[in-house]
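Trainee: predicted structure and sequence below. I'll ask about it afterward.
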Amino acid sequence: MKNCKIHGMIDISNFIIFKNNLGYKCKLCVIDNKKIYYQKNKEKINERHSKYYQKNKEKINDTRREYYEKNTDRLLEHASKYYNNNKEKIIKRQLEYYQKNREKVKEKQRAHYHKNKEVISERYKKKREKNILIQEEKSVI
Ligand SMILES: [Zn+2]
């Protein structure tokens, strides 16, 4: 245990040791500092990021695409492994999110529906037609 001026007694594993004899800092303090720094400089940071992005857009997208293409299998495997290992947690989280944000979710679905009304109704129509066909086939049998 080690004492942090702000957070009190904290397990030593929660301290980060800085190089160059800068000493120890508690992880919570480091996170707080980062947050404060970000809050204070939000606009500057965002501007810098978007400038950097604008300047290097193609390069960034290329790198991302390349990375994705090279690692598609691994990424998909990782995602499905993660999903399988955390299925219950993920479903619970989604459910909780839905229950907490029911109105927001509904609003979003409504907006999505209005925006894509034609595409969706076309999709439904096709589905319905397919189902009718299947039913007809069944009734023939
Ligand atoms: Zn601290």
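Mentor: Received the coordinates, thanks.

Trainee: who's in contact with the helix or strand residue 92 falls within?
Mentor: Assessed by DSSP states H and E, residue 92 sits inside helix 87-100. Taking C-beta atoms under 8 Å, 6 or more residues apart in numbering as the criterion, the residues outside helix 87-100 that touch it are 83, 105. Where C-beta positions appear, they are placed from N, C-alpha and C, glycine not excepted.

Trainee: could you pull out the buried residues of the helix or strand following it?
Mentor: Moving toward the C-terminus from helix 87-100, the next helix or strand (DSSP H and E) is helix 102-115. Buried residues in helix 102-115, counted by 16 or more other C-beta atoms under 10 Å: none are found.

Trainee: how about the strands of the protein, start to end?
Mentor: Listed from the start of the chain, the chain has strands (DSSP state E) covering 2-4, 8-10, 15-18, 23-26.

Trainee: for this protein, what lies in contact range of the ion?
Mentor: Those residues of the chain that sit near the ion, judged by C-beta under 5 Å from the ion, are 4, 6-7, 26, 28-29.
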